[in-house]
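[1] Based on what follows, work out the 3D shape:
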Amino acid sequence: MEKSEFRKNAEDMIYLTACAINGITPKQERINTLDMPKLFEVCQNHILTACTAYALESVGIKGNDFSQAKEKAIRKNILLDAERAKVLRRLEDEKIWYMPLKGAIMKDWYPKLGMRQMSDNDILCDGEKRADIKALMLDMGFTCEHYGENNDDAYFKPPVCNFEMHNELFTGGHIGKLHSYYDDVKSRLIKDKNNGYGYHFSDEDFYIYITAHEYKHFTSCGTGVRSLLDTYIFMRRFKASLDLDYIAKELERLDIADFERDNRELAMKVFSLKPLTDAEKQLLDYYILSGVYGTLDNRVKNDMKYRVNGSKLGYLRYRLFPPADYVRASVPWAKKSRLLLPAAYVYRFFRGASVNRKGVKKQLKQIGKK
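    As a prediction, the model looks like this:
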């Protein structure tokens, strides 16, 4: 799909999503201009198909790909909820502290079931119990997709239960101060009242975290329109009760205050269907063309912008010899001793050459275009 065509269908997706979450009936003249197959493709790209389906059904458009995707989203949310409850009970039994993250919490703030589609369940757990967590997940019938890499371990149980068990929220390889700010994350958590080992963020710290999480994606491969929708949903629900001074102070500590302001203001205008400035249209374009998982082109551009000040030579040097914190994040056994760091650089190089050969070639092509 051409970029201009993608944008047009993304604008229709945003309009319908705004109608769905605000209880507005879409205008018939707008409905008449929809290209349903291409709209569906864009919605799938941004994981906003269920929201769009609710808007379409409000004007009598049912029984199509959108309705089927909505029903699948509802079933998946129910299955993930049930499986998460079982996992948390096992963590309780094993006396391992935990905290569900992001979508597992936010989905309940959307107006209707399934509107906030779930890709997986993210749970922050005691990083010192990583091996114990793997053992209990395997015992529960999950298969391990990856273990001991970066800051999470991934597990899957058919038909749709993807779980990411995080030992920390950010790594030293992420841009900015995210890792250092959340290094002692447990000190920022509040103990749940209705269980033995569960924790949660305050509303303010939850907002700071989801903003930091989106900043991580925004400055890497990019992030899609759903992240703006999450911000809109959160602010609509909690803004009147938030300690905004505390949030502002912490955002300054993280060096993401400008990002948060731009992200929040854009989200509130987009999903209130208010006109945008030229600068806001350009920013929205970045979200639209990123899709929910971002793009390699964004990754190269952002690495050059945020890490090496636009230098091609600096980018190549960064890719071959990244900072030590980045290497330790991607090769966890290098954390055991500084003496292991040289071996980790060699291991990382050959792993990238053998496992991610195509990705490396693509990045080299992208940098050649800059």
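
[2] where do the strands sit along the stretch 1-150 of the chain?
    Applying DSSP state E, counting those that start in this stretch to the stretch 1-150 of the chain gives strands spanning 98-100, 121-125, 143-146.

[3] Dump the ones you listed into a markdown table; add mean neighbour count and mean pLDDT as well.
    Bear in mind the C-beta positions are built from the backbone N, C-alpha and C, glycine included. A markdown table is the format used below for those (neighbours: other C-beta atoms under 10 Å; pLDDT from 0 to 100):
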| stretch | mean neighbour count | mean pLDDT |
| --- | --- | --- |
| strand 98-100 | 21 | 98 |
| strand 121-125 | 22 | 97 |
| strand 143-146 | 12 | 96 |
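
[4] Mind putting those strands into a markdown table with distance to Y15?
    Listed next are these as a markdown table, based on distance: least, C-beta to C-beta, whole Å:
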| stretch | distance to Y15 |
| --- | --- |
| strand 98-100 | 32 |
| strand 121-125 | 30 |
| strand 143-146 | 36 |
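
[5] do you know which of these lies nearest V87?
    Judged by C-beta to C-beta, the one of the strands of the stretch 1-150 of the chain that comes nearest to V87 is strand 121-125, at 7.1 Å.

[6] Other residues contacting the closest one?
    Here strand 121-125 makes contact (C-beta atoms under 8 Å, 6 or more residues apart in numbering) with 80, 83-84, 87-88, 91, 96-104, 133, 152, 161-169, 185.

[7] my guess is I133 contacts M165, does it?
    Yes - applying C-beta atoms under 8 Å as the test, I133 and M165 come out as touching, 5.4 Å apart.

[8] Give me the common contacts of those two.
    Both I133 and M165 are in contact with C125, D153, where contact means C-beta under 8 Å, 6+ apart.

[9] returning to what we had before: out of the strands of the stretch 1-150 of the chain, which is closest to T17?
    Closest among the strands of the stretch 1-150 of the chain, once you apply C-beta to C-beta, is strand 121-125, at 22.6 Å.

[10] who does that closest one pair up with?
    Paired neighbours of strand 121-125 in the sheet (DSSP bridges): strand 98-100 (antiparallel), strand 161-166 (parallel).

[11] For the last one, C-alpha coordinates in PDB please.
    Only the C-alpha atoms of strand 161-166 are listed here, as PDB (Å, rounded to 0.1, in the frame of the first residue of the first chain):
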ATOM      1  CA  CYS A 161      -1.400 -17.200  25.600                       C
ATOM      2  CA  ASN A 162       1.900 -15.200  25.200                       C
ATOM      3  CA  PHE A 163       3.600 -14.200  28.400                       C
ATOM      4  CA  GLU A 164       6.600 -12.000  28.900                       C
ATOM      5  CA  MET A 165       8.100 -12.300  32.400                       C
ATOM      6  CA  HIS A 166      10.300  -9.200  33.000                       C
END
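
[12] Quick check: what element follows it along the chain?
    The element immediately downstream of strand 161-166 (helix or strand, assigned by DSSP states H and E) is helix 178-181.

[13] can you list contacts of that next one?
    Against helix 178-181 from outside (C-beta under 8 Å, 6+ apart): E168, L169, F170, T171, G172, G173, A212, Y215, K216, R253, L254, D325.

[14] got a list of what H217 touches?
    H217 makes contacts with T223, S227, G294, as judged by C-beta under 8 Å, 6+ apart.

[15] same check, this time on H146
    H146 touches D153, A154, counting by C-beta under 8 Å, 6+ apart.

[16] What of A267?
    L228, L229, T231, Y232, M235.

[17] try 6 Å
    Counting by C-beta atoms under 6 Å, 6 or more residues apart in numbering, A267 touches L228, T231, Y232.

[18] mind listing which of these are in strands?
    Assignment to strands by DSSP state E places none of the contacts of A267 there.

[19] ChimeraX command for the buried members of the residues you listed?
    Burial among the contacts of A267 is assessed by 16 or more other C-beta atoms under 10 Å; the matching ChimeraX selection reads:
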select :228,231,232
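
[20] tell me the angle of the longest helix that the chain contains relative to strand 161-166?
    Assignment by DSSP state H gives helix 65-93 as the longest helix of the chain. Interaxial angle, helix 65-93 versus strand 161-166 (axes from the mean of the first three to the mean of the last three C-alpha atoms, to 10 degrees): 50 degrees.

[21] Output the contacting helices and strands for helix 65-93.
    If contacts are counted by 3 or more C-beta pairs under 6 Å, 6 or more residues apart in numbering; DSSP states H and E, helix 65-93 sits against helix 49-57.

[22] what about the strands in the stretch 151-300 of the chain?
    Secondary structure of the stretch 151-300 of the chain (DSSP E, counting those that start in this stretch): strands at 152-157, 161-166, 190-191, 199-200.

[23] Could you report the neighbour count for the closest residue to V42 other than its chain neighbours?
    Nearest residue to V42 in three dimensions, chain neighbours excluded: N9, at 4.3 Å (C-beta to C-beta, 6 or more residues apart in numbering). N9: 22 surrounding residues under other C-beta atoms under 10 Å.
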